[in-house]
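Chemist: Here is the input, now give the coordinates:
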Amino acid sequence: MTTSAQGRATATRSPAGRPADVSARPAARVLSTRELNRAVLERQLLLRRADLPVLTAVERLLGLNAQAPNVPYLALWSRLERFTIGDLTAAVEDRSLVRSPLMRATQHIVTVPDFRLVRPALGPLLRRVQRNAFGSRTAGVDLDALVAEAAELLAGGTVITRPDLGRLLARRRPGADAGALGWSVQYLMPVVHPAPSGTWNVRGATPYACAAWTGVRPDPTEGDLRLLVRRYLAAFGPASVADARAWSGLSGLPEVFDRMRPELRTYADESGRELFDLPDAPLPDPGTPAPVRFLPEFDAPLLAYADRTRMMTDEIRRRVCVGDAVAATVLVDGTVAATWTRTRTGGAVTLTVEPLRPLPPSTHDTIEAEATRLLAFTDPGAGERRVHLSSDR
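Modeler: Below you'll find the model as predicted:
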């Protein structure tokens, strides 16, 4: 197979492994990295703050990472015009939004309809995560019986923390690892983590509640998988099959994309990789200005692709994504330019920006102004708020 960009764009294979017949396809339009950047910024509400209700925004974004309690709040603050902490907390408390292990087996907040869509599709991934992480620690445990007992314990709206559930399940399994049992449940059956867990500044043991009330099904339909692809492209496209798998952790996507090919539009990136998109999805002018934005840890545009160069260079990625951690970042002209941290000492709070590449002097005031607004959101009662912009590296 040729290694040229043109060859990579055309030498595709069918799901069965046979070379696909691409001779009749017209040459795909090549999208520049900057065009892809502006596309994701538009779809992720990062070109301008949107005047949207919280539920509408979370649905459009196809969920928010919620690995830490404040992360989804910071994500929405960067995207919405009149967002308050109470807006998101109220939606979690009234169960319009639910928090659960979803994409890549990490915690996300999604709408209830999206939970019904996404959770069945991710069932095989989550079971695989349980085997990889806890298989040796649950060897000899009847996992079907474990799930059945957990469902009984959580019946009727009962809420039990993960450590307590593990201890209860270990009672009938002498010598079993209670911690592994508790963790396994969230991968083997649909559960949600109800409020106040995951709300602003609330930490502690993770509570479990049975998710049956959401109407979630055990397995996805073909229609569910096709809709999930369309929703992913609406939120993150244009994107490759590998990108969609990196975002979700799902296997079997090449076959789904191939069946959907007649209803999708195809492009190529500058390296020749095939990209898919919805026919009517927006592609902003690459010259569209992109404002400075502060993103929290694990923000979706940094994780939604196998090839992340539309958001940051490979060199910067290696400094932002270290092990399982993904730093809080600052976007300048649409791409990652710095990381940021927030520390509190007594009544004073300091936001420190650490550049990852030279920052034009003209952006310094804008960065400091946005940081000041962010501190007013996170720490309205602080006696003193400071912004420190470290020297360019």
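Chemist: dump the residue contacts of the residue lying closest to Ala371 once chain neighbours are set aside.
Modeler: Distance criterion CB to CB, 6 or more residues apart in numbering; nearest residue to Ala371, sequence neighbours excluded, is Val387 at 4.4 Å. C-beta here means a position set from N, CA and C on the backbone, and glycine is covered the same way. Neighbour list for Val387: Thr350, Leu351, Val353, Glu368, Ala371, Thr372, Leu375 [criterion: CB atoms under 8 Å, 6 or more residues apart in numbering].
Chemist: Could you dump those residues into JSON lines with secondary structure added?
Modeler: Converted to JSON lines, these look like this (DSSP: H, G, I helix; E, B strand; the rest coil):
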{"residue": "Thr350", "secondary structure": "strand"}
{"residue": "Leu351", "secondary structure": "strand"}
{"residue": "Val353", "secondary structure": "strand"}
{"residue": "Glu368", "secondary structure": "helix"}
{"residue": "Ala371", "secondary structure": "helix"}
{"residue": "Thr372", "secondary structure": "helix"}
{"residue": "Leu375", "secondary structure": "helix"}
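Chemist: Please pick the buried ones from those residues.
Modeler: Neighbour counting by 16 or more other CB atoms under 10 Å classes Thr350, Leu351, Val353, Glu368, Ala371, Leu375 among the contacts of Val387 as buried.
Chemist: follow-up on the earlier one: return the closest of the contacts of Val387 with respect to Arg173.
Modeler: Relative to Arg173, the closest of these is Leu351; by CB to CB it sits at 47.9 Å.
Chemist: right, and the helix or strand after the lowest-mean-pLDDT helix or strand in the chain?
Modeler: Within the chain, confidence by mean pLDDT, DSSP states H and E is lowest for helix 5-10 among all helices and strands, at a mean of 37. Counting by DSSP states H and E, the next helix or strand C-terminal to helix 5-10 is strand 29-30.
Chemist: And the contacts of that next one?
Modeler: Contacts for strand 29-30 (CB under 8 Å, 6+ apart): Tyr267, Ala268, Asp269, Glu270.
Chemist: Quick check: closest non-adjacent residue to the first one.
Modeler: Counting by CB to CB, 6+ apart, Leu275 is the residue found nearest to Tyr267 once chain neighbours are left out, at 4.4 Å.
Chemist: A strand includes that neighbour, no?
Modeler: Yes: judged by three-state DSSP, Leu275 forms part of a strand.
Chemist: Can you verify my assumption that it contacts Ser240?
Modeler: Yes: assessed by CB atoms under 8 Å, Leu275 is found in contact with Ser240 at 5.5 Å.
Chemist: Identify the contacts common to those two.
Modeler: The contact sets of Leu275 and Ser240 overlap at Asp269 (CB under 8 Å, 6+ apart).
Chemist: Alpha carbons only: can I get stretch 153-166 in PDB?
Modeler: Provided in PDB are the C-alpha atoms of stretch 153-166 (Å, rounded to 0.1, in the frame of the first residue of the first chain):
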ATOM      1  CA  LEU A 153     -30.100  -3.900  47.200                       C
ATOM      2  CA  LEU A 154     -30.600  -0.800  45.000                       C
ATOM      3  CA  ALA A 155     -34.300  -1.500  44.400                       C
ATOM      4  CA  GLY A 156     -37.000   1.000  45.100                       C
ATOM      5  CA  GLY A 157     -34.800   4.100  44.700                       C
ATOM      6  CA  THR A 158     -32.300   3.000  47.500                       C
ATOM      7  CA  VAL A 159     -29.000   4.900  47.300                       C
ATOM      8  CA  ILE A 160     -25.900   3.200  48.700                       C
ATOM      9  CA  THR A 161     -22.300   4.400  48.500                       C
ATOM     10  CA  ARG A 162     -19.800   2.300  46.500                       C
ATOM     11  CA  PRO A 163     -17.800   1.200  49.600                       C
ATOM     12  CA  ASP A 164     -21.000   0.300  51.500                       C
ATOM     13  CA  LEU A 165     -22.400  -1.600  48.600                       C
ATOM     14  CA  GLY A 166     -19.100  -3.500  48.200                       C
END
